[in-house]
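A.B. asks: following is a predicted model, sequence given first.
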Amino acid sequence: GWHDAADMSQQFLQSGEIAYSLLEMANRAKEKGDNDMYVRMLEEAEWGIDLILKSRFGDGYRAQTWGTNLWTDGFIGTKDDSTRWRRIHVHNRAFENFVFSGVEAYASMIIDKDKMLKENLRKVAIEDFAFAKKRFDSLSFNDINSIGGGGDHAAMASNSQYMANISFAASLLYKLTGDKYYANEAAYAIKYTLDCQRTEPLNDKNKTRGFFYRDLNKLSIVHYTHQSRDQYYMQALVMLCETQPDHPDYKKWEAAIRLYGDY
């Protein structure tokens, strides 16, 4: 799984995203006919999928962060036992549930050999999106700062990135289920993100444009977040183009991709 740079802490969100990346690579290996690599990548990804399912409590709450700063041998009574403070964060925040719902939806589409796991992933992806949507409809962007405590880097996500994440997750669920509800949610969410893109050239020698601002105020550029996730802008737009090629906004999505590519 993923561990923090300075200690042994783990945040499950990153482990889920690593599992997603492994599943993407497994799918590419399958397309290229490399069955050995496909099987090995899938096996590794399933460790991550198992972790995010185990951290899920089924009511919107899930274990998010486990904090510690030392290795142990896993046995009680040996010399590395410690009474030093450790922490585990359990909370129900929409942002993480949107991310996980997308990971679960994609995993359900990629995993074939385990039918029970495939169906369970489909079920929890739908549930987690619903948990996230309910909370976001109640709190809007206040959701991201609604959880107290330290060790929570996900709270640095910008509003424009947040909406791209919702759109991406919804598109993956649309691809999985065929339910137009998710298609509509994906197209609606990306509107905010597109309104945060710089389309007019700056007054610099390169006439720079195409990047995204953090929010509609357009005062702060998305150029650094501790956990990145800047890929969600293009993942969301590409998935919209792939799943809704006949949508009236298709040309807008395509133009935004080209602008960012030029940038």
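C.D. replies: Received it, and whenever you're ready, just let me know what you need.

A.B. asks: quick check: next helix or strand after the strand or helix carrying residue 24?
C.D. replies: Assigned by DSSP states H and E, residue 24 falls within helix 12-31. Next along the chain after helix 12-31, taking DSSP H and E as the criterion, comes helix 35-54.

A.B. asks: average pLDDT across that next one?
C.D. replies: Across helix 35-54, pLDDT averages out at 95.

A.B. asks: go on, stretch 207-219?
C.D. replies: pLDDT averaged over stretch 207-219 gives 96.

A.B. asks: can you get me a residue count around the closest residue to residue 111 other than its chain neighbours?
C.D. replies: Nearest non-adjacent residue to residue 111, counting by Cβ to Cβ, 6 or more residues apart in numbering: residue 118, 5.1 Å away. Just so you know, the C-beta spots here come from the backbone N, C-alpha and C atoms, and that holds for glycine as well. Residues lying near residue 118 (other Cβ atoms under 10 Å) number 16.

A.B. asks: and if you look at residue 180?
C.D. replies: 10.

A.B. asks: any idea how far residue 187 is from it?
C.D. replies: 10 Å (Cβ to Cβ, to the nearest Å).

A.B. asks: over to residue 205?
C.D. replies: 36 Å.

A.B. asks: the two - which one has more neighbours?
C.D. replies: Comparing residue 205 with residue 187 by other Cβ under 10 Å, the one with more neighbours is residue 187, at 21 against 6.

A.B. asks: which secondary structure element contains that one?
C.D. replies: Per DSSP H and E: residue 187 is located in helix 180-195.

A.B. asks: C-alpha coordinates for that helix, CSV please?
C.D. replies: Taking C-alpha atoms only, helix 180-195 is exported to CSV below (Å, rounded to 0.1, in the frame of the first residue of the first chain):
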residue,chain,number,x,y,z
LYS,A,180,-28.3,7.8,-17.4
TYR,A,181,-28.5,9.3,-13.9
TYR,A,182,-24.7,9.0,-13.7
ALA,A,183,-24.3,10.4,-17.2
ASN,A,184,-26.2,13.5,-16.2
GLU,A,185,-24.3,13.9,-12.9
ALA,A,186,-21.0,13.6,-14.8
ALA,A,187,-21.9,16.3,-17.4
TYR,A,188,-23.3,18.6,-14.7
ALA,A,189,-20.3,18.4,-12.4
ILE,A,190,-17.7,19.2,-15.1
LYS,A,191,-19.4,22.5,-15.8
TYR,A,192,-17.9,24.0,-12.7
THR,A,193,-14.5,22.7,-13.6
LEU,A,194,-14.7,24.1,-17.1
ASP,A,195,-15.6,27.5,-15.7
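
A.B. asks: tell me the pLDDT at the residue nearest to residue 111?
C.D. replies: pLDDT for residue 118: 97.

A.B. asks: what angle sits between the strand or helix carrying residue 105 and helix 180-195?
C.D. replies: Counting by DSSP H and E, the element that carries residue 105 is helix 94-110. Helix 94-110 and helix 180-195 meet at an angle of 130 degrees, taking axes from the mean of the first three to the mean of the last three Cα atoms, to 10 degrees as the criterion.

A.B. asks: where do the strands sit along the stretch 51-200 of the chain?
C.D. replies: Here the stretch 51-200 of the chain has its strands, by DSSP state E, counting those that start in this stretch, at 62-67, 87-91.
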